[in-house]
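Enquirer: Give me a 3D structure for the following:
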Amino acid sequence: MVIAGLLTAATLASASALTVEGPGGLSLTLASEGPITLEGAVPGLRGQVSVAPAADNLRDQPLMLFVDDAAKAMTHGAGGKFELDTQEMKDGEHALRVDAVSGQQLIASTGSIAVKVLNTVAAPAVEQAPIVVEEAPLLGGPKPDFIKLYRPKVFHEIIYFNNREADLEKHGFIRHGRVYITLTDLMRHIGGTVIWGPSDDAVDVYRNGTVVRVFPNKATVCVSHDLDANDLQSSWERRGFTGFNMSLGVKTVRKQNRTYVPVRPFCEIFGIVTDWDFKWDRAYVTYQEG
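Expert: From the prediction side, this is the model:
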């Protein structure tokens, strides 16, 4: 989870807002009349809190708010804002998630974002007269101060391969309802050969006789079957081979010197199945090993 910024509102001197990026790639803006604190890397909330996606283009889409994986509210329009009363929640750690949907299609998701409710902790202490305690024999030693600590929540990757959590160099994200990871991370998990260069205009991927030519920031790829490694090497040298064009449905993404591909349509080229788990917000890729 990335804390994108801490801002003080001009309209209310005591108000604060915090933008938090979730593991699903979509960011949330949390705002309240009381200060929002940080408990480690986890936002500490109290009282009435407004919850809204940070992306303006999603605020007019149907949105669903989940609290601890249970659907809490749904909104359409009206700025895409939810009002969350943390007084109705127990103090301690909770999980928030906002999904943007179109019919049955998931457009974007924050993934589970950890927050901490601190209503009781934030209550002012009541001054009391000092209590005089008569000395008594020490049994078990003196009473130390009571301290309650929370272990930091460990976030999981958004994608699993053969029921094992992915080991990714760069975290995946959701865009236009598709899970994206880098081409290198994908091929490292499902196996295959990646040929880069000499320029950045195309990347060739070879797996079990199928070669896919990937073009950064393009939805179209070129596919050829029944090639061996020698054919692939010679085609790379020629920068051309006989194949057919097909669409992934969405564009590949080139950022930070990495090429990200949509996992489901890309894996389908190789006959690999991808399923989405709506309960846990995870993609499961299943393929034959060995």
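Enquirer: And the helices in the stretch 151-290 of the chain, which stretches?
Expert: 183-190, 229-238, 263-269 (DSSP state H, counting those that start in this stretch).
Enquirer: which other helices and strands contact the first one?
Expert: In this structure, helix 183-190 packs against strand 193-195, strand 203-207, strand 258-262, helix 263-269, with contacts taken as 3 or more CB pairs under 8 Å, 6 or more residues apart in numbering; DSSP states H and E. All C-beta spots, glycine's among them, are computed from the backbone N, C-alpha and C.
Enquirer: what does the longest one contact?
Expert: Right, helix 263-269. In this structure, residues lying in contact with helix 263-269 by CB atoms under 8 Å, 6 or more residues apart in numbering are 159, 172, 178-181, 186, 190, 210, 212, 221, 223, 246, 248-250, 273-274, 283, 285, 287.
Enquirer: re the thing from before, quick one: closest of the helices and strands packed on helix 183-190 to residue 54.
Expert: Closest approach to residue 54 among these (CB to CB): strand 258-262, 20.4 Å.
Enquirer: tilt between that closest one and strand 203-207?
Expert: Per axes from the mean of the first three to the mean of the last three CA atoms, to 10 degrees, the angle that strand 258-262 makes with strand 203-207 is 50 degrees.
Enquirer: hang on, the earlier thing: PyMOL command to pick out the buried ones of the contacts of helix 263-269?
Expert: Remark: buried members of these, expressed as a PyMOL selection using 16 or more other CB atoms under 10 Å:
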select buried, resi 159+172+178+179+180+181+186+190+210+212+221+248+250+274+283+285+287
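Enquirer: In strands, which of the contacts of helix 263-269 fall?
Expert: 159, 178-181, 210, 212, 221, 223, 246, 273-274, 283, 285 (DSSP state E).
Enquirer: Can you tell me which of these lies closest to residue 22?
Expert: residue 179 (13.7 Å).
Enquirer: If I look at that closest one, what pLDDT would I see?
Expert: Per-residue pLDDT puts residue 179 at 93.
Enquirer: Thought residue 172 was touching it, still the case?
Expert: Yes. Contact criterion CB atoms under 8 Å: residue 179 and residue 172 qualify, at 5.7 Å.
Enquirer: what's the overlap in contacts for these two?
Expert: Counting by CB under 8 Å, 6+ apart, the shared contacts of residue 179 and residue 172 are 158, 159, 263.
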